[in-house]
Every structure is written in C-alpha cells, then in structure tokens.
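**Q** With the sequence up front, the predicted model follows.
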Amino acid sequence: MVAEANYGGRVTDPMDRRCINMILSDFYTSDALKDGYKYCESGKYFIPADGSIQSYVDFIRNEMP
C-alpha cells in the first residue's frame, strides 16, 4: 500500500513503483519486529524500545541524527 500511494497520490510509473518496493523491502520486514533490529550496519537507525508517547518524542528529539 505504501508503495502504491506515495506523496499524496498514486505512483503511476512502473519503474518508480518497482524502485519504491525495493527500498521499502528493507524497512517492511518481519526482522524489524525482533528486539535489537538495526536498519543499517552502523546501527544508527533502529526502532526504539516500547514505551510511552513521551518516550518516543524524547527518542526523536535526542537520538535521531
């Protein structure tokens, strides 16, 4: 769904859709549900631990590059 509807509209070019699907395959993976999963080898991008809304806001403000 995310690859089909992007930037407020539909992706109509087949090659653009293919590109978006490939990029998203790195992010939409069952491995992302595992504790400690990192989105890159450097470990810089990861999903924060479960918490309150405020803990997520703090994570974004303090931890994101």
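**A** Ah, there it is.

**Q** Could you chop this protein up by domain?
**A** Using automatic domain parsing, the domain ranges for the chain come out as 1-30, 34-65.

**Q** Mean pLDDT lowest where, among these?
**A** Among the domains of the chain, domain 1-30 carries the lowest mean pLDDT, at a mean of 76.

**Q** quick one: that domain to chain centroid distance?
**A** How far domain 1-30 lies from its chain's middle: 12 Å, per CA atoms, centre = their mean, to the nearest Å.

**Q** same thing with stretch 48-62?
**A** Here the centre of mass of C-alpha atoms in stretch 48-62, compared against the chain's by CA atoms, centre = their mean, lies 16 Å away.

**Q** Numbering from 492 from now on, please.
**A** Let's use 492 as the start, then, which means that last one is stretch 539-553.

**Q** Just the C-alphas of it, formatted as PDB.
**A** The C-alpha trace of stretch 539-553 is given here as PDB (Å, rounded to 0.1, in the frame of the first residue of the first chain):
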ATOM      1  CA  PRO A 539      13.200   2.400  20.000                       C
ATOM      2  CA  ALA A 540      12.100   0.200  22.800                       C
ATOM      3  CA  ASP A 541       8.400   0.000  23.700                       C
ATOM      4  CA  GLY A 542       7.300   3.000  25.800                       C
ATOM      5  CA  SER A 543       5.000   5.900  26.300                       C
ATOM      6  CA  ILE A 544       4.300   8.500  23.700                       C
ATOM      7  CA  GLN A 545       6.700  10.900  25.600                       C
ATOM      8  CA  SER A 546       9.500   8.300  25.400                       C
ATOM      9  CA  TYR A 547       9.100   8.300  21.600                       C
ATOM     10  CA  VAL A 548       9.100  12.100  21.400                       C
ATOM     11  CA  ASP A 549      12.200  12.100  23.600                       C
ATOM     12  CA  PHE A 550      13.900   9.500  21.400                       C
ATOM     13  CA  ILE A 551      13.200  11.500  18.300                       C
ATOM     14  CA  ARG A 552      14.400  14.800  19.800                       C
ATOM     15  CA  ASN A 553      17.500  13.300  21.400                       C
END
